[in-house]
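K.L.:
turn this into a model:
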Amino acid sequence: MTEDEKKEFEEFLEWKAEKKRKEEENKAKQEEEERQVKANNQMPQVEDEKRMEFDNGQVPYSSNINDNKSNNPDGGTTSFPCAFVLLFSVIIFLFCICLLRDCSDNYKTTSNNTESTSNSEIDKDDSLATIAAAEKKSQDSLKRAKRIDLLKNTIKIKKAYH
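P.N.:
Take a look at the predicted model:
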């Protein structure tokens, strides 16, 4: 073989090696794309399997704790979390109880008013007695205040320490 033939042969080998590398790179790219396509196709299947397990009463395994997917068969998400619905219902329940309590208090006061109109003489006597009791209390408190002032002026308090 001559040197020209050797050079051509070496160039041919280099060309063949480059072609082989390009083919391997293309194969690797295609395999990677196929893996991604398979992974994308399998993701909905995995999610469906998780939903099926959750619907069967089993706890689904998930590495993502903050998964906000619902277990609805149609795959949609819920609009309100259960905690908010529960809190809202408790607030409404307490509001209803307060309203009922107010209504029952109003009913009692109206029934008392009807009784007071029928027993007006007894109420007049009671009101005079309450006025007299209030005056007596105020007089007692005034007497007590005067006694305290008198004691303050007459008794000298010594200091507890020397």
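K.L.:
need the longest helix for the chain.
P.N.:
When the chain is parsed with DSSP state H, its longest helix is helix 3-55.
K.L.:
which neighbouring elements make contact with that one?
P.N.:
If you count contacts as 3 or more CB pairs under 8 Å, 6 or more residues apart in numbering; DSSP states H and E, helix 3-55 packs onto no helix or strand. (C-beta placed from N, C-alpha, C; glycine too.)
K.L.:
number the chain from 852, please
P.N.:
Shifting the count to begin at 852 puts that one at helix 854-906.
K.L.:
just the mean pLDDT for that helix, thanks.
P.N.:
Averaging pLDDT along helix 854-906 gives 85.
K.L.:
go on, stretch 944-961?
P.N.:
Averaging pLDDT residue by residue across stretch 944-961 gives 79.
K.L.:
element containing N1004, please.
P.N.:
helix 971-1005 (DSSP states H and E).
K.L.:
contacting residues for E875?
P.N.:
For E875, the contact set (CB atoms under 8 Å, 6 or more residues apart in numbering) is empty.
K.L.:
and it, how far from E885?
P.N.:
15 Å (CB to CB, to the nearest Å).
K.L.:
repeat for M894
P.N.:
Distance from M894 to E885, by CB to CB: 15 Å.
K.L.:
one more: L951?
P.N.:
With CB to CB as the criterion, L951 and E885 are 68 Å apart.
K.L.:
same deal with C949?
P.N.:
66 Å.
K.L.:
same deal with A984?
P.N.:
A984 is 99 Å from E885, by CB to CB.
K.L.:
go on, I948?
P.N.:
64 Å.
K.L.:
for V936, give me the pLDDT.
P.N.:
For V936, the model assigns a pLDDT of 88.
K.L.:
about what we covered before: return the set of buried residues in the helix holding N1004.
P.N.:
Using 16 or more other CB atoms under 10 Å as the test for burial, helix 971-1005 gives no buried residues.
K.L.:
thanks a lot, catch you later.
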